[in-house]
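**Q** Sharing a sequence plus its predicted fold:
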Amino acid sequence: MIASLALGCSHGLPHPPYVPQPQSALAQVTLPPPPGRVEQVPRRPSDSAVWIDGEWTWRRSRWAWLPGRWVQTPLGLAFSPSEFVRGADGRLWYAPGAWRDGTGASVEAPPPLAIANVGSTEVVNASGSTENTGPTLKRPSAPSTHP
């Protein structure tokens, strides 16, 4: 239960259609993501708005938080939530959340209608150490997956 709260538990919130991440979206990263941030979900701006959970995104060789947000699902598009994969050799792979068209190609994200409020406290990992993270991003943009 604590993990779901830390990850911005979106149980019960309407979400867009989901599609899996293609293997080609995975890029190797050098550090695992920190624990999730706690977000305050703003009021749903319209009956047709859907919620996209906040996520860690790889920026300039460190993790930065991309806040959760309400958006309108563009016609014919689906969302691939971020994904982390540990390879058999121990390497870590990451694919950022992305909107995809019917062919699976990544497309520009719709503009946010409302963005979660995220605290600015330090991020502490399971061993009690403070994580060196980037800032909370002001608005969603195309994530960088290159270490």
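**A** That came in fine, so what should we check first? What you are looking at is a predicted structure, and each value in this text was computed from that prediction instead of being measured.
**Q** where along the protein do the strands fall?
**A** Secondary structure of the chain by DSSP state E: the strands cover 27-29, 39-40, 49-52, 55-59, 62-66, 69-72, 78-80, 83-86, 92-95, 98-100, 106-107, 114-115, 117-118.
**Q** distance of the residue nearest to the spatial centre of the chain from residue 117?
**A** In the chain, the centroid-proximal residue (C-alpha atoms, centre = their mean) is residue 55; its distance is 2.6 Å. Distance from residue 55 to residue 117, counting by C-beta to C-beta, to the nearest Å: 16 Å. To be clear about C-beta, it is placed using only N, CA and C from the backbone, and glycine gets the same treatment.
**Q** one step back: the closest residue to the residue nearest to the centre of the chain other than its chain neighbours: neighbour count?
**A** If the residues on either side of it in the chain are set aside, residue 55 comes closest to residue 82, at 4.4 Å by C-beta to C-beta, 6 or more residues apart in numbering. A count of neighbours around residue 82, defined by other C-beta atoms under 10 Å, yields 20.
**Q** dump the residue contacts of residue 82.
**A** With contacts taken as C-beta atoms under 8 Å, 6 or more residues apart in numbering, residue 82 has the following neighbours: 21, 55, 56, 57, 94, 95, 96, 97.
**Q** again, only this time at 6 Å
**A** Each residue near residue 82 by C-beta atoms under 6 Å, 6 or more residues apart in numbering is listed here: 55, 96, 97.
**Q** What values do phi and psi take at it?
**A** When read as degrees, to the nearest 10, the backbone of residue 82 gives phi -60, psi 150.
**Q** Need the outlier residue of the chain, farthest from its centre.
**A** Per C-alpha atoms, centre = their mean, the most distant residue from the centre of the chain is residue 89 (25.0 Å).
**Q** Kindly provide the distance from that one to residue 31.
**A** Note on residue 89: its distance to residue 31, by C-beta to C-beta, is 16 Å.
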